[in-house]
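Novice: Sequence and predicted structure, then a few things I'm wondering about:
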Amino acid sequence: MYAVVQAGGRQYQFTSGRFVDVELLASEPDKSYVFEQVLMIVNGKESIIGKPFIEGAKVTGKIIGHLKNKKIIVYKYRPKKGTRKRTGHRQGFTRIFIDSIQVNDKVLSEAKDTKTPGKQSDKSNKVEKAVPSKESPKSQIKGTSTSKETKAANKTTKSAKTNPKSKK
């Protein structure tokens with residue numbers, strides 16, 4: 001299920017439980033924001049189309065933060081005049097986590113995870129680091145471990161190969 005919403009002069013497709021980047025909004029982060037200009041709601045085979053907007057429909061979301069896009073370089077050049085002008089621009093945008101899609105106070109779609117998006121608790125989702133093995137890569141492949149004697153023998157053969165003048 002998704003909704004097509006007009007925001008900032010553009011149309012966006014909102015799905016609950018997802019992040020969306022929209023034009024810069026005049027609101028603070030970690031606050032709820034309501035989009036009331038809903039153009040269309042699609043729910044499988046059922047669709048609601050507004051003329052131009054659906055009355056009583058709204059999409060609520062939580063503002064995650066205000067960010068900037070990559071820098072765009074604008075280079076103006078006039079041939080044979082010696083004028084060159086280089087400027088850059090970074091467009092601001094607002095990242096929103098869509099919580100729910102509603103029509104006449106009836107929730108059609110709601111985000112499954114109601115926790116603060118983008119922030120993970122310390123107890124859940126712990127990442128285990130891989131501990132490097134002390135065995136050589138060859139022994140890991142074969143499934144056998146090497147003894148200290150074979151390691152010492154490997155070191156002597158490696159040093160002889162790397163330094164050819166040592167025995168000549």
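Specialist: Good, I have the coordinates.

Novice: distance of the nearest residue to P52 once chain neighbours are set aside from L108?
Specialist: Nearest residue to P52, sequence neighbours excluded (Cβ to Cβ, 6 or more residues apart in numbering): L39, at 6.7 Å. From N, CA and C alone the C-beta is placed, and that goes for glycine too. Between L39 and L108 the distance is 15 Å, computed by Cβ to Cβ, to the nearest Å.

Novice: same question, G8
Specialist: 23 Å.

Novice: Same question for Y77.
Specialist: Applying Cβ to Cβ to Y77 and L108 gives a distance of 53 Å.

Novice: Looking only at neighbour counts, state which of those two leads.
Specialist: Shown here are Y77 and L108; by other Cβ atoms under 10 Å, L108 has more neighbours (17 against 10).

Novice: Please identify the helix or strand for that one.
Specialist: Using DSSP states H and E, L108 falls within strand 106-110.

Novice: now for that strand, which elements pack on it?
Specialist: If you count contacts as 3 or more Cβ pairs under 8 Å, 6 or more residues apart in numbering; DSSP states H and E, strand 106-110 packs onto strand 38-43, strand 92-103.

Novice: so the last one versus strand 38-43, what angle?
Specialist: What separates the directions of strand 92-103 and strand 38-43 is an angle of 60 degrees, with axes from the mean of the first three to the mean of the last three Cα atoms, to 10 degrees.

Novice: This completes my enquiry, with thanks.
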